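Asker: Sequence first, then the predicted structure:
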Amino acid sequence: MPTNITQEIEITCADQRVVLRGDGTVFLPGFDALLVADLHLGKSASFRAGGVPVPEGLDATTLSMLATSVQETNAAHVLLLGDLIHNRDSMTSTLVSLFADWRNEKSKVKFTLVRGNHDRHVAAFPADWILTETNALELGPFQLVHEVPDSPLAGGDTFRFGGHWHPVVRVGSGADRMRLPCFVVSDRHVTLPAFGPFKGGMNQVKKNATQFYPIGDGMIWRI
């Protein structure tokens with residue numbers, strides 16, 4: 001087991017401080033901004049609509065976790081990097097009210113959604129969700145997108161943050177082997193893990209100078 005397990009790891013990207021957090025979020029101190037990806041709210045409702053008996057309450061758990069992240073970082077701006085909801089079956093009256101009430105409690109915090117592929121199921125989110133919506137966003141030297149491509153930007157060195165892939169990595173061996181969500185960090189981008197429970201993930205294969213930062217139980221380390 002690694003000895004450098006901690007709740008946060010600070011790295012430098014594009015000459016800016018970047019804090020990778022054990023809850024799966026990224027805090028950018030220079031911009032007082034919290035990045036989070038792939039909440040997939042309403043996924044359990046979508047599964048239940050398809051006949052899969054998934055338990056209720058997962059959306060409330062996800063939003064409670066995000067509230068803790070906002071409180072711990074005291075972020076003034078939360079940037080949602082796509083796939084806020086899962087699909088059209090996700091937008092139940094229960095979820096609409098749940099998020100509106102939760103958002104009202106965080107009304108002093110600015111929320112911006114960089115729309116992802118799953119968000120296409122909603123033409124525009126409810127006004128009382130108090131969201132600014134965009135397809136991509138520039139923040140200082142950073143470009144915030146939903147899906148980070150491998151290729152560099154033409155004619156520039158902009159560093160990207162994104163989600164989409166729900167990256168996971170295998171750690172341990174034998175009976176102790178596990179798949180854990182992870183950050184994927186290269187010299188030109190960071191891909192965030194999906195936030196919250198019940199998300200699944202895509203196995204990552206290390207290449208070039210890519211680094212993995214697994215998370216578990218609110219902790220993070222580097223492998």
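Answerer: Yep, it's here.
Asker: pLDDT score assigned to the closest residue to Gly216 other than its chain neighbours?
Answerer: Closest residue to Gly216 apart from its sequence neighbours, by CB to CB, 6 or more residues apart in numbering: Leu180 at 5.1 Å. C-betas here are computed from N, CA, C, even on glycine. Leu180 carries a pLDDT value of 95.
Asker: and the host helix or strand of Leu180, what does it pack onto?
Answerer: Element membership of Leu180 [criterion: DSSP states H and E] is strand 178-185. Identification of packing neighbours for strand 178-185 by 3 or more CB pairs under 8 Å, 6 or more residues apart in numbering; DSSP states H and E yields strand 167-171, strand 189-191, strand 211-216.
Asker: who's in contact with Gly30?
Answerer: 16-17, 140 (CB atoms under 8 Å, 6 or more residues apart in numbering).
Asker: Okay, and the beta partners of the residue nearest in space to the middle of the chain?
Answerer: Geometric centre of the chain, nearest residue: Ala37, 2.0 Å, by CA atoms, centre = their mean. Beta-bridge partners recorded for Ala37 (DSSP bridges): Ala194.
Asker: thinking it is in contact with Leu80, fair?
Answerer: Yes. With contact defined as CB atoms under 8 Å, Ala37 counts as touching Leu80 (7.4 Å).
Asker: Quick check on the contacts of Gly30: which are buried?
Answerer: Using 16 or more other CB atoms under 10 Å as the burial test, these include Gln16 as buried.
Asker: the helices in this protein, which residues?
Answerer: According to DSSP state H, the chain carries its helices in the segments 43-49, 58-73, 93-105.
Asker: What angle do helix 93-105 and the longest one make with each other?
Answerer: Put simply, helix 58-73 runs at 10 degrees to helix 93-105, going by axes from the mean of the first three to the mean of the last three CA atoms, to 10 degrees.
Asker: who touches helix 58-73?
Answerer: 21, 23, 25, 27, 34, 36, 39, 41-45, 75, 78, 95, 98-99, 102, 105-106, 109, 195-198.
Asker: Could you do the shortest one as well?
Answerer: Helix 43-49 is contacted from outside by 54-56, 58-59, 86-87, 89-90, 92, 94-95, 198-199, using CB under 8 Å, 6+ apart.
Asker: can you list those residues in a markdown table and add distance to Ala175?
Answerer: Shown next, in a markdown table, are the contacts of helix 43-49 (distance: CB to CB, whole Å):
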| residue | distance to Ala175 |
| --- | --- |
| Val54 | 28 |
| Pro55 | 27 |
| Glu56 | 32 |
| Leu58 | 28 |
| Asp59 | 33 |
| His86 | 33 |
| Asn87 | 36 |
| Asp89 | 38 |
| Ser90 | 36 |
| Thr92 | 40 |
| Thr94 | 40 |
| Leu95 | 38 |
| Phe198 | 24 |
| Lys199 | 24 |
